[in-house]
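A.B. asks: the following block contains a protein sequence and its predicted model.
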There are 2 protein chains.
Amino acid sequence: MNSIDIKEKFRLFDDYWNPRIIGELNGQLVKIAKFKGEFEMHKHDHEDELFQVIQGNIKIEFENETVSLNEGEMIVVPRGVLHKPSADEEAWVMMFEPASTINTGENKPSDLTRDNLQKL
Amino acid sequence: MNSIDIKEKFRLFDDYWNPRIIGELNGQLVKIAKFKGEFEMHKHDHEDELFQVIQGNIKIEFENETVSLNEGEMIVVPRGVLHKPSADEEAWVMMFEPASTINTGENKPSDLTRDNLQKL
């Protein structure tokens, strides 16, 4: 039985918007990614997604508002809701979502799509 | 769309071993609880369980070892694995598990069982 030092896992990589898997339970994955700059607006038709900020600050733009999240804050983005994450400075984010979730949404592959994630 | 300040949620209650629900996604619940003292050895036959330490230190005793978890660390306890959480001092813990999970396990109701959880 191994404990996982979350921040230690972030120190294993340097690139942005490229989620790594650090845990799995009940068909859900625990992923971490470094955010910097702007991601693209997308949605997941069948999957809710949790974002927890481990370090820094991120913003998530929705159709009618933008939510700011600091370290120690989280948000659940319900399925079907368009959202666009961004971070002015590098931020460390942990996500919980089904194993099936693709980062850019199911219907919109792009240069930002990452679908063969590394396990750390 | 509301952000959730995780530590702020912990400040809303004072009792130990009594999980509150602070989020729900994909049939899974995000729960928080304050740990102090010893819980009981138990297992979940069909559910994996994630413990993330938000503040303080906890220990989880397994059949053959005890794992210590500090703030910023997490562990996934697989289904079927006996485990006994404890904390020498008050610790704040966030958990991810299916909505069906009962804190003392499915087959062993006790004075510690909490099965009608408050949503914060």
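C.D. replies: All right, it came through fine.
A.B. asks: buried residues in stretch A:102-119?
C.D. replies: For stretch A:102-119, the neighbour count (16 or more other Cβ atoms under 10 Å in any protein chain shown) marks A:102-105, A:114, A:117 as buried. Any C-beta I mention is one placed from the backbone N, CA and C, and that applies to glycine too.
A.B. asks: return the distance of stretch A:67-75 from the chain's centre.
C.D. replies: Once both centres are worked out by Cα atoms, centre = their mean, to the nearest Å, stretch A:67-75 turns out to sit 12 Å from its chain's centre.
A.B. asks: brain fart, stretch A:11-27
C.D. replies: Relative to the chain's own centre, stretch A:11-27 is displaced by 9 Å; criterion: Cα atoms, centre = their mean.
A.B. asks: tell me what the longest strand along chain A is packed against?
C.D. replies: Counting residues, the longest strand in chain A under DSSP state E turns out to be strand A:84-98. Secondary structure elements in contact with strand A:84-98, counted by 3 or more Cβ pairs under 8 Å, 6 or more residues apart in numbering or on different chains; DSSP states H and E, are helix A:6-10, strand A:28-38, strand A:49-55, strand A:57-61.
A.B. asks: mind listing what's buried in it?
C.D. replies: So for strand A:84-98, counting by 16+ other Cβ under 10 Å, buried means A:84-87, A:91-98.
A.B. asks: got these as a markdown table, with distance to A:Gly27 and pLDDT columns?
C.D. replies: Supplementary listing: the buried residues of strand A:84-98 in a markdown table, determined by distance: Cβ to Cβ, whole Å; pLDDT from 0 to 100:
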| residue | distance to A:Gly27 | pLDDT |
| --- | --- | --- |
| A:Lys84 | 26 | 97 |
| A:Pro85 | 23 | 97 |
| A:Ser86 | 29 | 98 |
| A:Ala87 | 28 | 98 |
| A:Ala91 | 27 | 98 |
| A:Trp92 | 25 | 98 |
| A:Val93 | 21 | 98 |
| A:Met94 | 18 | 98 |
| A:Met95 | 15 | 97 |
| A:Phe96 | 11 | 96 |
| A:Glu97 | 10 | 90 |
| A:Pro98 | 6 | 89 |
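A.B. asks: spell out which parts of chain A neighbour chain B.
C.D. replies: Taking Cβ under 8 Å from any Cβ of the partner chain as the measure of proximity, chain A contacts chain B at A:1-7, A:23-26, A:28, A:30, A:47-50, A:52, A:54, A:60, A:62, A:65, A:67-69, A:72-78, A:81, A:96-98.
A.B. asks: thinking again about what came up before, okay, the helices and strands packed on strand A:84-98 in a markdown table with mean pLDDT and mean neighbour count next?
C.D. replies: Converted to a markdown table, the helices and strands packed on strand A:84-98 look like this (pLDDT from 0 to 100; neighbours: other Cβ atoms under 10 Å in any protein chain shown):
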| stretch | mean pLDDT | mean neighbour count |
| --- | --- | --- |
| helix A:6-10 | 98 | 17 |
| strand A:28-38 | 97 | 21 |
| strand A:49-55 | 98 | 21 |
| strand A:57-61 | 98 | 18 |
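A.B. asks: which one, of the ones you listed, ends up nearest to B:His42?
C.D. replies: Using Cβ to Cβ as the measure, strand A:28-38 is the one of the helices and strands packed on strand A:84-98 that comes nearest B:His42, at 21.6 Å.
A.B. asks: give me phi/psi at A:Arg11?
C.D. replies: Backbone dihedrals for A:Arg11, given as degrees, to the nearest 10, come out at phi -80, psi 0.
A.B. asks: and it, what pLDDT?
C.D. replies: Per-residue confidence (pLDDT) for A:Arg11: 98.
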